[in-house]
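> all I have is the shape, not the residue letters:
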């Protein structure tokens, strides 16, 4: 398969955001008003005074994956909406809590919620988005008094309504599993900060859980809601998992070598936080003099600028940067291969491939 | 209805704990090992070194309500187990996060998780229990590869297996709604700490959400899983909600007048934290000279011992203690009345009534 140009991706992201965002905003607006205001700030839809912002929001990669996965099995795009909303809510709950845990003051070039509203509010707002994900998804499949009615624009066709209950149930079971995996990955990541003996395999396993599981969910939930055959769902999920590993490898490179003006984080931020990201785990595992010196640096209580610079150089010398660049490419190729392993709609498949290229090639 | 003696309740709690706890422990043991260790400490099943403790765990009121609600509609006790496990997990996730938010150092006469393991671990462990609640409940209704198989001892009869999917789906939708209400109540409670104009109705509404919603869920989930008629489910839910208000009124009295040796919290703790609990909201709303003086005290940055004592006296003088005692009795009576409003198994009904009396009469 010839990799699709990444230039398609911004169009795809725009199109799918227009489909999903009204339902996501509708769900958030049903929260208790203080919780809604915090969430709307976090999503970039409003400033801290509740003033609406015109061009806020993340890229919506998870929404796009969800919608394309419905289209790839020939289902109407709208079928994916509850899954897309749920996965965005889980992703954003994890960002709210991870920013506290990592002590990150900024998110998407704006203050992190905990830094602006306080830790307590960030904890409870994260909890609210976590529950809301299940409320939206389960409510979609249930016509009772507790159902959150979908935004009128989001579900129109009766075809979409027909595949509700069974697909929603399965999508909910899978959401719980993927969220649990993400949380397991996060606790591993946290515990790695205090360790120097993290193996490359442990680092890869952690990233598969922390990032891969939810992207695998996003890339298959539209097909699940469309009640596609299990082998097709599995192929799409593997595509998302591989994409997640490619994305995380690229993100790990940015965490050390990224341009602060573009990433919005200080250069070498991951080293300062002693994250055992892939380049670090690779470098530590090489058993060279550079590996040993890197280990000594990372054993310090805190690292000053010159130590961060030295550690960065050591990782590069021992081949960590090159290896992770290669790994990102390999995972990207593997994600393309997964798309070829099952029968999918040609247009949606090309858009999924292009989205993978775009996500991995991003510089922020 | 003659109130049942509370002396039945310890036996009921023992019996239902024996049914539910193996499945709860089984679910927790499936967490990532570090998360499992934190949860096992929190539940009182192990010390911080992972050493098993013989007589740990809370009273298991929510488990008991869930099991009795199945029995009250003539279903096998085992039908309630996934709902009982899920409601205990949600309750305990909220305790982990609330202790951080309230700055409470102790829980059940032991260190709070955040105080022992750190805030970050308490945040992520709470998140893990939150997701696990949905994973357990949804997995029970789903025979696929992702299902968490119930502990062998918990579900034995084929009768129990027969009412799985539809009941589980509805129980999951309701769990999301009840959890969302609990979180809304918590953010209201937090915001009240900074306000002096909290009305009695606002305080009651907050307690209905923070405590009543999840107890209403617990008291009906067994009937939901047994696919009992909606009006019976609604009657049991109202019983649990009224019980929740009675419990919270009693808890508010303990928060001001409780014996520290019994409650495990300093006397007047709620006043020091400026909680707008029912006695405070009632006293502030009376418009007397005492109300005004209480308002001035609660406007101070911090309260010293003599100020806490003075505030306590003012609330009593203006009738706050008496009014809340009466309210607790009224809600307790209302919970009994709800049990009479629907047709229920006589034995289970008597046990539900006795449990309500026990919970409200508790002194710790």
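Nice, I can see it. In this text the structure is predicted, and so the values were computed from the model without any measurement.
> how many neighbours does the closest residue to residue A:138 other than its chain neighbours have?
Leaving aside its chain neighbours, residue A:138 sits nearest to residue B:173 (4.6 Å; criterion: Cβ to Cβ, 6 or more residues apart in numbering or on different chains). Backbone N, C-alpha and C define where each C-beta goes, glycine included. Here the number of neighbours of residue B:173 (other Cβ atoms under 10 Å in any protein chain shown) works out to 26.
> can you confirm residue B:173 is in a strand?
No - checked against DSSP: H, G, I helix; E, B strand; the rest coil, residue B:173 lies outside a strand; its state is helix.
> and the gap between it and residue B:134?
From residue B:173 across to residue B:134, the span is 11 Å (Cβ to Cβ, to the nearest Å).
> likewise residue A:122?
Taking Cβ to Cβ as the measure, residue A:122 falls 22 Å from residue B:134.
> between the two, which one's more packed in?
Higher neighbour count among residue A:122 and residue B:134: residue B:134, with 29 against 23, using other Cβ under 10 Å.
> show the contacting residues for the more buried one.
By Cβ atoms under 8 Å, 6 or more residues apart in numbering or on different chains, the residues touching residue B:134 are A:134, A:172, A:175, A:176, B:86, B:172, B:175, B:176.
> ramachandran coordinates for residue A:110?
When read as degrees, to the nearest 10, the backbone of residue A:110 gives phi -130, psi 170.
> how far does stretch A:302-322 sit from the chain's center?
Offset of stretch A:302-322 from its chain centre (Cα atoms, centre = their mean, to the nearest Å): 27 Å.
> now stretch A:86-93
Distance, stretch centre to chain centre, for stretch A:86-93: 9 Å (Cα atoms, centre = their mean).
> before we move on, what about stretch A:105-114?
How far stretch A:105-114 lies from its chain's middle: 17 Å, per Cα atoms, centre = their mean.
> and if you look at stretch A:11-19?
For stretch A:11-19, the distance to the chain centre is 17 Å (Cα atoms, centre = their mean).
> swap in stretch A:271-281?
Worked out by Cα atoms, centre = their mean, stretch A:271-281 lies 19 Å from the chain centre.
> what are the buried residues along that stretch?
For stretch A:271-281, a neighbour-count test (16 or more other Cβ atoms under 10 Å in any protein chain shown) marks A:271, A:272, A:274, A:275, A:276, A:277, A:278, A:279, A:280, A:281 as buried.
> from the stretch 251-364 of chain A, which residue is nearest to chain B?
Going by Cβ to the nearest Cβ, chain B is nearest to residue A:273 of the stretch 251-364 of chain A, at 12.3 Å.
> any idea how far residue A:202 is from that residue?
17 Å.
> check residue A:269 too.
Residue A:269 is 21 Å from residue A:202, where distance means Cβ to Cβ.
> which parts of stretch A:114-132 are buried?
Under 16+ other Cβ under 10 Å, the buried positions of stretch A:114-132 are A:114-115, A:117, A:119-132.
> is chain B contacted by it?
Yes - using Cβ under 8 Å from any Cβ of the partner chain, stretch A:114-132 reaches chain B at A:119, A:120, A:121, A:123, A:124, A:126, A:127, A:128, A:130, A:131, A:132.
> of those, which belong to helices?
A:119, A:120, A:121, A:123, A:124, A:126, A:127, A:128, A:130, A:131, A:132 (DSSP state H).
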